[in-house]
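Asks: take this sequence and fold it.
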Amino acid sequence: MQHETIRKNYKPHIVKILFVGESRPQGGTFFYNGDSNLYKYTKQAFEQADKNFSLEHFKQYGYWLYDVCDMPVNGLPYLERREQIRLGLPRLLLNIKELRPKYIIVVKKGDMREIIFNKVCEHGYIDRETAFNVPFPACGRQTEYQNELSAIIKKIIN
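Replies: Here you go, the predicted model:
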């Protein structure tokens, strides 16, 4: 639960851009501890877009990372992982309704695109205008994530 306390400390009063992740990693790293791949490559994407980046900047800009699953799922069998993502969807949709972010960036393709991103688009967000889906920065997709996120940042941030 300490992870969720840390995450809530970085939640801005008004969420302008909601980053939606699958879950915190099984290995113990965490975006809001500044020690995960997601943190590292998000920082690089912001810098590539000529934007300052720190966890405090992330909060000040009105950005927040929300994970669909409460527990790490990256070590689970495929079907169980998909089920955990599905189980997190209703709570995510409630959060979106409450937060009303202008933009949503879903991190990770595959199941996250199929289960989460497509449902976000069914709820009023428009693909590549107000909703974006980027790969997770691992398994050789780090540069792709960084370039795609940098392009999104340049497009939607003044």
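Asks: report how many residues lie close to E122.
Replies: By other Cβ atoms under 10 Å, 9 other residues sit near E122. All C-beta atoms are positioned from the backbone trio N, CA, C, and that covers glycine.
Asks: if I look at it, how far off is P12?
Replies: Counting by Cβ to Cβ, to the nearest Å, the gap between E122 and P12 amounts to 26 Å.
Asks: go on, Q60?
Replies: Look at Q60 and P12: by Cβ to Cβ, they are 7 Å apart.
Asks: more neighbours: which of these two?
Replies: P12 (15 against 11).
Asks: in the chain, mark out all the helices, start to finish.
Replies: 2-9, 37-48, 55-60, 78-99, 111, 118-122, 142-156 (DSSP state H).
Asks: right, so those: which one is the most enclosed?
Replies: Comparing those by mean neighbour count (mean count of other Cβ atoms under 10 Å), helix 37-48 ranks first with a mean of 20.
Asks: show residues contacting that helix.
Replies: 21, 25, 29, 31-33, 52-53, 57, 65, 107, 136-138, 142, 145-147, 149-150, 153 (Cβ atoms under 8 Å, 6 or more residues apart in numbering).
Asks: what's the answer for stretch 51-71, then?
Replies: Stretch 51-71 has contacts (Cβ under 8 Å, 6+ apart) with 4, 7, 10-12, 14-24, 31-32, 34, 38, 42-43, 46-47, 84-85, 87-89, 91-92, 95, 99, 112, 116, 153, 157.
Asks: rewinding a little: tabulate the helices of the chain (CSV), appending distance to R128 and mean pLDDT.
Replies: Formatted as CSV, the helices of the chain follow (distance: least, Cβ to Cβ, whole Å; pLDDT from 0 to 100):
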stretch, distance to R128, mean pLDDT
helix 2-9, 27, 94
helix 37-48, 17, 98
helix 55-60, 22, 96
helix 78-99, 18, 97
helix 111, 20, 95
helix 118-122, 10, 96
helix 142-156, 9, 97
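Asks: with distance to P72 as added columns, please give those helices in CSV.
Replies: Below are these laid out as CSV (distance: least, Cβ to Cβ, whole Å):
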stretch, distance to P72
helix 2-9, 10
helix 37-48, 13
helix 55-60, 20
helix 78-99, 10
helix 111, 15
helix 118-122, 22
helix 142-156, 19
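Asks: who wins for proximity to A131 among those?
Replies: Minimum separation from A131 across these (Cβ to Cβ) falls at helix 118-122, 5.3 Å.
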